[in-house]
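> Any chance you can model this:
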Amino acid sequence: MRTHFCGLIDASLIGQTVTLCGWADVARDLGGLCFIDLRDHEGIVQVVAEPEQGVDGNAEVIAMAADVGYEDCLRITGEVRRRESPNAKIPTGQVEVVARRIEVLNKAEPLPFHAHENPGEDIRLKYRYLDLRTPDMQRKMRTRTKLVQALRRWLDARGFQDIETPILTKATPEGARDFLVPARMHEGEFYALPQSPQLFKQILMMAGFDRYYQIARCFRDEALRADRQLEFTQLDMEFAWVEERDVQDATETMIRDVFSEVIGVDLGAFPRMTWAEAMRRYGSDKPDLRIDLELVDVDDAVKGSEFKVFTDWAGVEGGRVCALRIPGGASLSRKQIDEYAAHAAKFGAKGLAYIKLSETGEVSSPIAKFFSDGAFAALLAQVSAVNGDIVFFGAGARGTVSDFMGALRLKAGKDFGLVQAGWKPLWVTDFPMFEWDEEAQRHVALHHPFTAPAVDSIDDLRANARTAVSRGYDMVLNGNEIGGGSIRIHRSAMQSAVFELLGIGAEEAEAKFGFLLDALKYGAPPHGGIAFGIDRIAALMAGTESIRDVIAFPKTTGAQCLMTGAPSPIPDAQLAEVHVAVRAQPER
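Numbering: from 1, shown residues only. Take a look at the predicted model:
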């Protein structure tokens, strides 16, 4: 139907006749002279319909052009010529196409929104086919395509085998809630959609495939947010006969090469930081190093104060008192300080103490009265506070304080324009093996149950489970965890011991993971791997904060597809075929 793409018309085609297909991005009728900006996925070119002496049917072309509306689907044939008034803002701006024939392939009805109107996300998702048609969304989705293509080329060139793993599989606890699929041929039994290909890729290593990858679809039934979807895509990788640095060095090179190829960015060096250091300095296991603010522990400096909130937690095992200095923060009003306190409360804070130093050195603080003059001066010195600063303080359980002070650090960085331009990657290593669940009174795997501990001794692991370190690692970029992995457990006895520490008894372990425990008995090699979030990396490359902008048909935060109306009711007869009945919720 066409000879060229709209966005690829250039001066080399001057004098040639071309046929183009696309949408009317703009149509202007100047009374006998009409201009159409014709758009396809490659870009926009200007088409002109004008009176021309001696050209048969030209009046009809002008009439057709005058009747063109926004987003009409057109085919236009014409001659390429140089523009009298070039447009340097677009690649085709040196030329235009003089229309000889205009066909309306499909007339567009009035649209629910125009691209320039910046409609709300609900409208964009309901009419996703129109939203995806816009140049900005075309750019973002093409960035994602280039990313996946570059990853495949890199991996294929280095001997990784692309192997598919099942979508209908066994329900195994991996940290999130499974999506379940009733098995029609096995009444009362269910498949689960995979949260990841974790166990299959480990078994592939035991099967001797050595290096595996897959652009894998994964499913987790959990609450949604800007960087999380019910179904998502990850680059899944596994290596046999490796230790941590083998995996890290290879994948660091891959990510650096891919960023350079796709968006022309040199990520530079990838520093390494332990989980404990990241939490101490930044209150996060995925710190954004573009923000030059750090948390400072002040337990010793506040022990002698009379402020009970501090003294109850200073120096206590499992407690933390720390400070965050914000340069120029004295400009915050009391209302704005209250907004910071409310933000911290979302992450577990029960209050937010502060010290504000005016430009002239005046102190405004609800906690100053609890310190002697010398102790107060020493506290300010420890956090390097100067005139014009504000210092926020957090006190409480170590994990909670790290969470809300880390969140304050991110908010302050954005509010005060402290986020530096560019890219800041790093590796976070030496994660805890377990977290302790106070409510359930048991350990919970921080990564997943198949992560190897740093110790080889089962007795050592059991004796020091609360402080055990794993062989897990995450790749972080600009405050986003873009990849996470670990060296895996490759001995059956150690895997059973970890299950036991997680409260998974021998009978339950056999029922849920018997195939894995069996496979580990038959010469399983040391192995490890990593999974990268394709959606998150694509969003970073495309310059958007929401992964929904790089997923063709995403769900809302309410877990709905507004375009199709999913999820939706299923007729009772169809449910009966899969041995399922919907039970009405009891009235509350």
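> use CA for all of it now, contacts and neighbours both
Noted.
> immediately after the longest helix along the chain, which helix or strand?
Ranked by residue count, the top helix of the chain under DSSP state H comes out as helix 135-156. Next along the chain after helix 135-156, taking DSSP states H and E as the criterion, comes strand 161-162.
> Show me what the helix or strand just after that following strand is packed against.
Sequence order places strand 180-182 as the next helix or strand after strand 161-162, per DSSP H and E. On a contact count with 3 or more C-alpha pairs under 8 Å, 6 or more residues apart in numbering; DSSP states H and E, strand 180-182 meets strand 190-192.
> what mean pLDDT does the strand it packs on have?
Confidence over strand 190-192 (mean pLDDT, whole number) is 96.
> name the helices or strands packed onto the helix or strand that comes right after that strand?
Later in the chain than strand 190-192, the nearest helix or strand by DSSP H and E is helix 198-206. Counting contacts by 3+ C-alpha pairs under 8 Å, 6+ apart, helix 198-206 packs against strand 211-219, strand 231-240, helix 506-520, strand 527-533.
> neighbouring contacts of the longest helix of the chain?
Residues from elsewhere that reach helix 135-156 (C-alpha atoms under 8 Å, 6 or more residues apart in numbering): 41, 43, 131-132, 213, 254, 258, 261-262, 534-535, 538-539, 541-542, 549-552.
> Enumerate the positions of it that are buried.
Going by neighbour count (16 or more other C-alpha atoms under 10 Å), the buried part of helix 135-156 is 135, 137-144, 146-148, 150-152, 154-155.
> Would you state the strands of the stretch 201-350 of the chain in chain order?
211-219, 231-240, 272-274, 295-297, 319-326 (DSSP state E, counting those that start in this stretch).
> so what's residue 276 up against?
Residue 276 neighbours (C-alpha under 8 Å, 6+ apart): 430-431.
> and if we set it to 10 Å?
282-285, 428-432 (C-alpha atoms under 10 Å, 6 or more residues apart in numbering).
> So what would you say the end-to-end distance of stretch 498-509 is?
End-to-end distance for stretch 498-509: 10 Å, by C-alpha to C-alpha, to the nearest Å.
> er, stretch 477-493 actually
End-to-end span of stretch 477-493 (C-alpha to C-alpha): 36 Å.
> Give me the mean pLDDT for it.
Mean predicted confidence for stretch 477-493 is 97.
> Backbone dihedrals for the closest residue to residue 501 other than its chain neighbours, please?
With sequence-adjacent residues excluded and distances taken as C-alpha to C-alpha, 6 or more residues apart in numbering, residue 501 is closest to residue 443, at 6.4 Å. Phi and psi for residue 443, reported as degrees, to the nearest 10, are phi -80, psi 150.
> Count residues in the vicinity of residue 443, would you?
Using other C-alpha atoms under 10 Å, residue 443 has 20 neighbouring residues.
> Residue 101 too?
18.
> from what I can see it touches residue 17, true?
No - with contacts counted by C-alpha atoms under 10 Å, residue 101 stays clear of residue 17, the gap being 11.0 Å.
> Please enumerate the shared neighbours of the two.
77-78.
> Test my guess that residue 48 contacts residue 36.
Yes - at 6.4 Å, residue 48 counts as touching residue 36 under the criterion of C-alpha under 10 Å.
> more neighbours, the two?
residue 36 (25 against 22).
> Can you pull the phi and psi angles for the more buried one?
phi -130, psi 130.
> What residues does it make contact with?
Going by C-alpha under 10 Å, 6+ apart, residue 36 touches 23-29, 44-49, 65-66, 68-70, 97, 99.
> Got the confidence number for it?
Reading off the model, residue 36 has pLDDT 98.
> From residue 404, how far off is it?
In terms of C-alpha to C-alpha, residue 36 sits 54 Å off from residue 404.
> weakest of the helices and strands packed on helix 198-206 in terms of mean pLDDT?
helix 506-520 - the lowest mean pLDDT of the helices and strands packed on helix 198-206, at a mean of 94.
> Of all the residues in it, which ones are buried?
509, 513, 516-517, 519-520.
> Of those residues, just say which sits nearest to residue 171.
residue 513 (9.7 Å; C-alpha to C-alpha).
> That closest one contacts residue 199, doesn't it?
Yes - Residue 513 is within contact range of residue 199, at 9.2 Å (criterion: C-alpha under 10 Å).
> got any residues that touch both of those two?
residue 172.
> list the contacts for residue 301?
By C-alpha under 10 Å, 6+ apart, the neighbours of residue 301 are 310, 314, 321, 371, 375-376, 378-380, 382.
> Give the PyMOL command for selecting the buried subset of those.
Per 16+ other C-alpha under 10 Å, the buried members of the contacts of residue 301 correspond to this PyMOL selection:
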select buried, resi 310+314+321+371+375+376+379+380
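> then stretch 330-340 to CSV, C-alphas only?
Taking C-alpha atoms only, stretch 330-340 is exported to CSV below (Å, rounded to 0.1, in the frame of the first residue of the first chain):
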residue,chain,number,x,y,z
ALA,A,330,15.5,25.9,57.2
SER,A,331,13.3,27.3,54.5
LEU,A,332,10.6,24.7,55.4
SER,A,333,7.5,26.2,57.0
ARG,A,334,5.9,24.5,60.0
LYS,A,335,3.2,23.2,57.6
GLN,A,336,5.8,21.7,55.3
ILE,A,337,7.6,20.1,58.3
ASP,A,338,4.2,18.5,59.3
GLU,A,339,3.9,17.2,55.7
TYR,A,340,7.4,15.6,56.1
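> For residue 236, grab the count of nearby residues.
Count around residue 236 with other C-alpha under 10 Å applied: 25.
> Tell me what it is bridged to.
Beta bridges link residue 236 to residue 214, residue 531 when assigned by DSSP bridges.
> picking that back up, return the subset of the contacts of residue 276 lying in helices.
Reading helices off the contacts of residue 276 with DSSP H, I get residue 282.
> Kindly give a single PyMOL line that selects the buried subset of the contacts of residue 276.
In PyMOL syntax, the buried subset of the contacts of residue 276 is picked out as below (16+ other C-alpha under 10 Å):
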select buried, resi 282+283+284+285+428+429+430+431+432
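> Please render the contacts of residue 276 as JSON lines that adds pLDDT and distance to residue 363 to the earlier fields.
Compiled in JSON lines, these are given as follows (pLDDT from 0 to 100; distance: C-alpha to C-alpha, whole Å):
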{"residue": "282", "pLDDT": "98", "distance to residue 363": "26"}
{"residue": "283", "pLDDT": "98", "distance to residue 363": "27"}
{"residue": "284", "pLDDT": "98", "distance to residue 363": "30"}
{"residue": "285", "pLDDT": "97", "distance to residue 363": "34"}
{"residue": "428", "pLDDT": "98", "distance to residue 363": "38"}
{"residue": "429", "pLDDT": "98", "distance to residue 363": "40"}
{"residue": "430", "pLDDT": "97", "distance to residue 363": "41"}
{"residue": "431", "pLDDT": "97", "distance to residue 363": "40"}
{"residue": "432", "pLDDT": "97", "distance to residue 363": "40"}
